[in-house]
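Asker: missing the sequence, but the structure's below:
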């Protein structure tokens, strides 16, 4: 049953995602909000597919602020990368640059405002990230970052990449850390996805202006708060 559900999800979600991508591209001449509207509907479609076809539910523990600031998330699967658009109003998400090079989807992502991060570019990448983040904050858009840099298996807690500390010190805004346990039922590798509940746990807001090591320690602890927590599948 798990295999059948997973196959149905891939066929429906990925097959029909082409429609949403083309919608976003076609909406571009009418303004950014039209692109964002299409992207948000795509994210909601993804969550509906996960609920109906995979039997996956979403639970948020705590309250996500609505103010534009920096939000850092645990990253265990593609689920939360797409689902962020269900949690916020038009968030700007920092992601690896390779995603913006994908045919069609990459163009739609750039039009939406995804922040491409070229990991090998060093200081130039940080300057570009800061510039895009400041522009997003100025227009009222929250900035979302996966500070561990990539998807990690559930239960693992690698050190945060230097980009988090750099962005925290440059932006001078509070940080909201959020733990996610999606990897329990939607692991980063493999196509089988199991039914169950994916939980977001909102941590205590980290104020701006803390020493780098303290901000990193608080963020690291908070985003890994669901590691090792056993929940029924």
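Answerer: Sure, I can see it. Keep in mind it's a predicted model, so treat the numbers as computed, not measured.

Asker: these two touch, right, residue 39 and residue 105?
Answerer: No. The pair residue 39 and residue 105 does not pass the contact test of CB atoms under 8 Å, sitting 10.8 Å apart. Bear in mind the C-beta positions are built from the backbone N, C-alpha and C, glycine included.

Asker: neighbour count: the two, which is higher?
Answerer: For residue 39 versus residue 105, the count of surrounding residues by other CB atoms under 10 Å is larger for residue 39: 25 against 17.

Asker: contact partners for that one?
Answerer: Residue 39 makes contact with 20, 24, 85, 90, 108, 112 under the criterion CB atoms under 8 Å, 6 or more residues apart in numbering.

Asker: one more time with 10 Å, if that's ok
Answerer: 20-21, 23-24, 27, 82, 85, 90-91, 108-109, 111-114 (CB atoms under 10 Å, 6 or more residues apart in numbering).

Asker: that older thread, any common contacting residues for residue 39 and residue 105?
Answerer: Common neighbours of residue 39 and residue 105 (CB under 10 Å, 6+ apart) are 20-21, 24.

Asker: just put those in a markdown table and tack on pLDDT, distance to residue 98 and secondary structure.
Answerer: Formatted as a markdown table, the shared contacts of residue 39 and residue 105 follow (pLDDT from 0 to 100; distance: CB to CB, whole Å; DSSP: H, G, I helix; E, B strand; the rest coil):
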| residue | pLDDT | distance to residue 98 | secondary structure |
| --- | --- | --- | --- |
| 20 | 94 | 20 | helix |
| 21 | 95 | 17 | helix |
| 24 | 95 | 19 | helix |
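
Asker: who wins for most neighbours among these?
Answerer: Counting neighbours by other CB under 10 Å, residue 24 leads the shared contacts of residue 39 and residue 105 with 24 neighbours.
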